[in-house]
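[1] with the sequence up front, the predicted model follows.
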Amino acid sequence: MKQFSDLGLAETVLKAVEAEGYTNPTPIQAQVIPAMLDGRDILGTAQTGTGKTASFVLPLLHKLANGRERPPQKCCGTLILAPTRELAAQIADSVRTYGQFGHTKVAVVVGGVKPGPQIKAMARGVDILVATPGRLMDHMQGGAIRLDHTSTVILDEADQMLDLGFMPAIRKIMSKVPKERQTALLSATMPPPIRKLANDFLTDPAEAEVAPTARPIEKIDQQVMLVDRSAKRRTLIDILSKDDVDRAIVFTRTKRGADKVQRTLSDAGLSAAAIHGNKSQNQRTKTLDGFKSGTVTILVATDIAARGIDVDNVSHVVNFELPNIPESYVHRIGRTARAGKTGIAISLCDGGEREFLRDIEKLVGYSIKSTGNGGANDLPEKQGGRGSNRQPRNNAPKKARPGNRPARNNRSKSKSSGQVQGSGNGQGQKRSEGRASSEGDGDGLARMLGTKPGGNRPSNRGRPGGGSRGRNRNKNAGSRQAQSA
Ligand code: AMP
């Protein structure tokens, strides 16, 4: 097996790799790093968890270590485009971590925060700019950044950017970068529009591909507790008070519900914080940081807010309310059993939610083991139980955004925060940015279920990591989720 030292990386980069405790390059790194060092364009099929970030960040840092002039004012040498704020922040964290023995200047440009600090961070020129497309366009239009000195572009999680409707923005951005450049496109899947993007913007790329990692759903101990609606709070407190709960995410269907559950848990003496679309980006970042660092052990979240959260060691996911969209169930429980770990997913199902449970079991292809026999007296939600503020089933919004599908994973291995996150000026892209940040979910449903698109049954195909190729690109599901947050 190849060692990092065989790859010809600069000393400062090797030192950082060593400090991180990595001994060998991962398969994607073994393929991408030498090709990037050779100056080749890259078309990489790799998902989160494969080490793909380092596969492009290390060669970038190598080039910088070998002496490249800092770009002029309001310019960036390398542009990394990512679908979500969280992913952009994580990539920048990786740049800082792997670049700790060099002098790389990195800035992050994402929506949902003030634009001023971002403008300032770019004013003198940066080596590496990590950006989400919407906010970058704002800054380009406002004259805060130019791309005419950009010589390297990385498009990370391209299929998720497609899912989030960023293709037109990406094309516009790419049209401003000089043709003479190195471009790497990484994507968990290669649907035709991504192939087309690659054909249009890459030149004779080196293709790299790695098998996806394990299907999380198979590592999750799924349980349903049939309870009375009125008993849910007590039951939740009981579950979360047990010793085996290291870190838990509790899902509610509504923002108000999330706040209420958080108060209930806090009143019971548990360490809980809520995260949902009514919280400011700063609050969300703070809450998430607290959850990652362990100062908060229970995160109460709506579906949308939870997308993009990839925190290691989430021992439990609890569905305080079952989602009325079955796909959301799979996304929710995929928050646990990350990074090769196992996890427990407990769903509290009252009498009014039995229909949701049936839909979920139909989607995953088996019945989930259940305990208890409560709920007999609960009204079905559609008869006006507590469900009055939920989305009626099959009531997809009329104007679904193009490409509004359940998106894939981004993850969070962030080691520190503190990116040069600035502010948001232009209004033009605000909407898409906001959505992007909250919708960037991650693991494709089909991968988690081990199905091909349209398939229903978890597959037992042998390869660790199973079938990831296709995803269940259900437009309505995405839109409905967007509404339910
Ligand atoms: P990524 O796919 O970029 O999200 O990386 C997944 C995780 O793998 C991150 O936590 C990295 O720190 C870690 N990682 C990256 N490269 C290596 C390596 N060569 N050896 C061990 N861990 C790695």
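    Yep, that arrived.
[2] which residues of the stretch 101-250 of the chain fall in helices?
    Ranges of helices within the stretch 101-250 of the chain are 116-123, 133-141, 158-163, 167-175, 192-201, 232-241, based on DSSP state H, counting those that start in this stretch.
[3] which of these has the lowest mean pLDDT?
    For the helices of the stretch 101-250 of the chain, mean pLDDT drops lowest on helix 158-163, to a mean of 87.
[4] buried residues in that helix?
    Residues of helix 158-163 classed as buried: 158-163 (neighbour count, 16 or more other C-beta atoms under 10 Å). C-betas here are computed from N, CA, C, even on glycine.
[5] OK, contacts around residue 171?
    Applying C-beta atoms under 8 Å, 6 or more residues apart in numbering, we find residue 171 in contact with 197, 200.
[6] can you tell me how far it is from the ligand?
    Using C-beta to the nearest ligand atom, to the nearest Å, residue 171 is found at 26 Å from the ligand.
[7] how far away is that residue from residue 200?
    In this structure, residue 171 and residue 200 are 8 Å apart, going by C-beta to C-beta, to the nearest Å.
[8] and residue 183, by the same measure?
    Residue 183 is 10 Å from residue 200, by C-beta to C-beta.
[9] who has more neighbours, the two?
    Applying other C-beta atoms under 10 Å to residue 183 and residue 200 shows that residue 183 carries more neighbours, namely 20 against 9.
[10] mind checking pLDDT for the more buried one?
    98.
[11] near the ligand, which residues of the chain are found?
    Neighbours of the ligand within the chain, by C-beta under 6 Å from any ligand atom: 22, 25-26, 29, 48-54, 411, 413.
[12] check those and tell me the two furthest apart.
    The two members of those with the most space between them (C-beta to C-beta) are 25 and 411, at 19.2 Å.
[13] leaving out the residues flanking it, which one is nearest to residue 53?
    In space, not counting the residues next to it along the chain, residue 53 is nearest to residue 94; the distance is 4.8 Å by C-beta to C-beta, 6 or more residues apart in numbering.
[14] closest one of the buried residues of helix 158-163 to residue 240?
    Using C-beta to C-beta, these come closest to residue 240 at residue 160, 31.2 Å.
[15] does the nearest residue to that closest one once chain neighbours are set aside sit in a helix, a strand or a coil?
    In space, and not counting its chain neighbours, residue 160 is closest to residue 83: 4.2 Å by C-beta to C-beta, 6+ apart. Under DSSP: H, G, I helix; E, B strand; the rest coil, residue 83 falls in the coil class.
[16] one step back: which of the residues of the chain next to the ligand count as buried?
    22, 25-26, 29, 48-54, 411, 413.
[17] show residues contacting stretch 344-351.
    220-229, 232, 235-236, 239, 244, 315-322, 329, 332-333, 336, 356-357, 368, 370, 374-380.
[18] let's see that with 7 Å instead.
    220-229, 232, 235-236, 239, 315-320, 322, 333, 336, 357, 375-378 (C-beta atoms under 7 Å, 6 or more residues apart in numbering).
[19] what comes up buried for stretch 193-205?
    For stretch 193-205, by 16+ other C-beta under 10 Å, it's 194, 197-198, 201-202, 205.
[20] repeat that for stretch 358-371.
    359-360, 363-364, 368.
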